[in-house]
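S.K.: Please find the sequence and the predicted model below.
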Amino acid sequence: MVAFDSSKSVVSSAVEPTEFLGPVVLFLLMIIVGLQLTPQDFRRVLANPTTVAVGTLGQILLLPVMTWVVISLLGVDPIFGAGAVILAAAPGAGMSNVMAAVAGANVALSVTLTAVSSVLAVATLPALTALGMAVFIGDEIDIEVPVGTLMSQMVLFLLLPITAGMGLRARWGERTQAAIPWINRFAIVAIVLLTFSSAASSGAELPSGRAFSLAIAASVLWTICAMGIGYGLGSLLRLDPDDRFAFLIEFSARNIALAFIVAVSSMGRLELGFFSGSYAMTGFPAVIAIAVLRGRRRARSDSS
């Protein structure tokens, strides 16, 4: 097992630097997502509920199983494995919708999958996390999911700003569309800065040596496998490339903040939050990079 210094107030040091910056940036980024949506986008998605159902159930059922395989294969410390299950059980990140927009994927499908998985996480996250505790550390722990935080996040940082963005587009149409390429550049920079700022300001006593290397390797492999599962399911459903890439992003971009809150605040175990931290430093930036590359390739294709 890896030793941690529990004398430090990790929660306060991890939250303070981004306590205000994070919500503000996320709110602005979700307005950007709204600028690229119309009501017709949602009608097209809801006309095919099978896609949403498979995308949601795939995250709930397949990601935890994949997590168990990755952790067992690499022999990662069990406490980190349990933390990995928390990350897998967390819903898709709100910023996954921004990544879908940057990549030129189906933003409406991404938003729908994020919304559904976030609502269901009120029930699925505690159940899957308790299962992860039992599997990896042999001790089921009662978990109090921050329901109020989750629901307020849904309303304040997803529903309201997206609606505002759609309203701006409906009123100023072509002006907003002309600004989208520049706005997307801001989105990329903001996501990267916020991600690395959160990771750098955690103040946690990181494990060292082999335990650290294995945890980092596991987070990278976890991300790759999550991408593969998402894209593979989209291919099995014979979705078009934009929908498949939306699946790829939704499966691999997880809600790091919520996973950390459950691990450290609700359960009081810093070790359970470490895998989310290693994912924030490796896997999440990798998803951003792939979204950027796909967006640039699509822009070149459209201009040619």
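M.R.: Structure received. Numbers count the residues shown, from 1 in each chain.

S.K.: What is the strand or helix carrying residue 84 packed up against?
M.R.: For residue 84, the element it lies in under DSSP states H and E is helix 78-89. On a contact count with 3 or more CB pairs under 8 Å, 6 or more residues apart in numbering; DSSP states H and E, helix 78-89 meets helix 49-74, helix 107-137, helix 209-236, helix 256-260, helix 274-281. Quick note: C-beta positions are derived from backbone N, CA and C, even for glycine.

S.K.: try 7 Å
M.R.: helix 49-74, helix 107-137, helix 209-236, helix 274-281 (3 or more CB pairs under 7 Å, 6 or more residues apart in numbering; DSSP states H and E).

S.K.: Show me which positions of it end up buried.
M.R.: Buried residues in helix 78-89, counted by 16 or more other CB atoms under 10 Å: 78, 79, 80, 81, 82, 83, 84, 85, 86, 87, 88, 89.

S.K.: now do stretch 277-295
M.R.: 277-288, 290-292, 294-295.

S.K.: could the helices and strands packed on helix 78-89 go into CSV alongside mean pLDDT and distance to residue 251?
M.R.: Shown next, in CSV, are these (pLDDT from 0 to 100; distance: least, CB to CB, whole Å):
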stretch, mean pLDDT, distance to residue 251
helix 49-74, 93, 6
helix 107-137, 82, 9
helix 209-236, 91, 3
helix 274-281, 85, 13
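
S.K.: A strand includes residue 284, no?
M.R.: No - the assignment for residue 284 is helix, going by DSSP: H, G, I helix; E, B strand; the rest coil, so no strand is present there.

S.K.: still on that earlier bit, which of the helices and strands packed on helix 78-89 has the highest mean neighbour count?
M.R.: Neighbour counts (mean count of other CB atoms under 10 Å) averaged over each of these peak at helix 274-281, with a mean of 26.

S.K.: Need the CA coordinates for it. PDB is fine.
M.R.: The C-alpha trace of helix 274-281 is given here as PDB (Å, rounded to 0.1, in the frame of the first residue of the first chain):
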ATOM      1  CA  PHE A 274      -5.700   9.800  -6.800                       C
ATOM      2  CA  PHE A 275      -6.800   7.900  -9.900                       C
ATOM      3  CA  SER A 276      -9.000  10.800 -10.800                       C
ATOM      4  CA  GLY A 277      -6.000  13.100 -10.400                       C
ATOM      5  CA  SER A 278      -3.800  10.900 -12.600                       C
ATOM      6  CA  TYR A 279      -6.600  10.800 -15.200                       C
ATOM      7  CA  ALA A 280      -6.800  14.600 -15.100                       C
ATOM      8  CA  MET A 281      -3.100  14.800 -15.900                       C
END
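
S.K.: what is the orientation angle of that helix with helix 209-236?
M.R.: Going by axes from the mean of the first three to the mean of the last three CA atoms, to 10 degrees, helix 274-281 is angled at 70 degrees with respect to helix 209-236.

S.K.: Tell me the helices and strands packed up against helix 274-281.
M.R.: helix 78-89, helix 160-200, helix 209-236, helix 256-260.

S.K.: The first one vs helix 49-74, what angle?
M.R.: With the same axes, to 10 degrees applied, the angle from helix 78-89 to helix 49-74 works out at 170 degrees.

S.K.: Next secondary structure after helix 78-89?
M.R.: Per DSSP H and E, the helix or strand that comes after helix 78-89 is helix 96-103.

S.K.: helices or strands next to that following helix in the packing?
M.R.: If you count contacts as 3+ CB pairs under 7 Å, 6+ apart, helix 96-103 packs onto helix 21-35, helix 107-137, helix 160-200, helix 241-252, helix 283-303.
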